[in-house]
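**Q** 3D, please:
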Amino acid sequence: MMLATLKAEEQSQQLQIVEREDIEDEDDLFEAIDKLTSHGINAGDVKKLQDAGIYTCNGLMMHTKKHLTGIKGLSEAKVDKICEAAEKLVNFGYITGSDVLLRRKSVVRITTGSQALDELLGGGIETLAITEAFGEFRSGKTQLAHTLCVSTQLPTNMRGGNGKVAYIDTEGTFRPDRIVPIAERFGMDPGAVLDNIIYARAYTYEHQHNLLLGLAAKMSEEPFKLLIVDSIIALFRVDFTGRGELAERQQKLAQMLSRLTKIAEEYNVAVYMTNQVVADPGGGVFVSDPKKPAGGHVLAHAATVRLMFRKGKGEQRICKVFDAPNLPESEAVFQITPGGIADAKD
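**A** The predicted model follows:
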């Protein structure tokens, strides 16, 4: 009987298409940039900031003055005035540990579709953080991305994010027809789910960076909860060749990762990025085929949570927490099913 009522509840909660009005408590997370006009900044200058992809006061303070004076039509004096006004609107100084704890309450954890994997991650993929999954091809990284596309749109009481999804695809592996069975598994309308995903295919690392800049406008208008970059490194491995360009590649990669961190913190979204692996010749005597994640230290330090995926038997995959500030190093087994990521069946 209990199951029947639960099922009925789930049916009644078929996808709630997310409306901006639902979200009142989030307004205190970021102040819109146009509030600067009430502090003596003229609307033309605010428009210039928006054209440069800055839509919130928090976002403004994430840029250096050098970068801001590089925006056409903004002099140093104007930038100083704008920054002063922004500081009045948002507190950028020290706060107490208790305040930080309160702020952490706004973190949403989005289910992966597998109970075991959720438990490993302390509840799911977190907002305000970057989660990186690396592993060989066919280890389940993109499958998790597709499942998250759907589970992010679930209401929060069903361990979803109640928000939209942005998907930047550098490898051409996004399949909308894959979303349909996953949506059906969660009892959602596939058409509505697909409408809530915005997708872009990137072909060069510069294109990838510009897509991230353009995202600010969309995120400031609509409630996004997840940004997927699949994969973060592919275009860098193509556009930069040889050791001579490695330093420049890492510099550009660092800038893009910094952009991702800012998006996660500015709009309270979860960032899920996949990464490729490279052969590691010095990776130890006891490992038959040693591999390590691509991207080096730059990428290692940028990701909040690093997950290592590897193949198990059949459709089973193993996820290991490789690095995380608040999770123990352990493993979980999950399975790839037609309805997305699910618990492994023995």
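
**Q** Just the strands from the chain, written as ranges.
**A** When assigned using DSSP state E, the strands of the chain occupy the ranges 109-110, 125-126, 129-134, 164-169, 197-201, 224-230, 270-275, 277-279, 291-293, 305-311, 316-323, 331-337, 340-343.

**Q** Grab the nearest non-local neighbour of residue 180.
**A** Of all residues beyond its chain neighbours, the one nearest residue 180 is residue 190 (4.3 Å), with distances taken as C-beta to C-beta, 6 or more residues apart in numbering. (C-beta placed from N, C-alpha, C; glycine too.)

**Q** thought that neighbour was touching residue 178?
**A** No. Counting by C-beta atoms under 8 Å, no contact exists between residue 190 and residue 178, whose distance comes to 10.7 Å.

**Q** Out of the strands of the chain, which is the most enclosed?
**A** When those are scored by mean count of other C-beta atoms under 10 Å, the highest mean neighbour count falls to strand 270-275 (a mean of 27).

**Q** Flag the shaky bits of the stretch 101-250 of the chain, pLDDT-wise.
**A** Under the criterion of pLDDT under 70, none of the stretch 101-250 of the chain is flagged as low confidence.

**Q** now the helices: where do they sit in it?
**A** Applying DSSP state H, counting those that start in this stretch to the stretch 101-250 of the chain gives helices spanning 115-120, 141-151, 176-185, 190-195, 205-221, 234-239, 246-267.

**Q** Of those helices, flag the one that's most buried.
**A** Counting by mean count of other C-beta under 10 Å, the most buried of these turns out to be helix 141-151, with a mean of 27.

**Q** Strand 305-311 and that one, what's the angle between them?
**A** 120 degrees (axes from the mean of the first three to the mean of the last three C-alpha atoms, to 10 degrees).

**Q** what helices or strands is helix 141-151 leaning on?
**A** strand 129-134, strand 164-169, helix 176-185, strand 224-230, strand 270-275, strand 340-343 (3 or more C-beta pairs under 8 Å, 6 or more residues apart in numbering; DSSP states H and E).

**Q** So for residue 213, what's the nearest residue that isn't a sequence neighbour?
**A** Leaving out its chain neighbours, residue 213 is closest to residue 53 (C-beta to C-beta, 6+ apart), at 4.3 Å.

**Q** Quick one: residues contacting the one you found.
**A** Each residue near residue 53 by C-beta atoms under 8 Å, 6 or more residues apart in numbering is listed here: 59, 213, 214, 216, 217.

**Q** Determine which two of those are furthest apart.
**A** In terms of C-beta to C-beta, these reach their longest pairwise distance at 59 and 214, which sit 13.6 Å apart.

**Q** nearest residue to residue 196 other than its sequence neighbours?
**A** Setting aside the residues directly before and after it, residue 196 is nearest to residue 164 in space (C-beta to C-beta, 6+ apart), at 4.6 Å.

**Q** any idea of the pLDDT on residue 14?
**A** Residue 14 carries a pLDDT value of 48.
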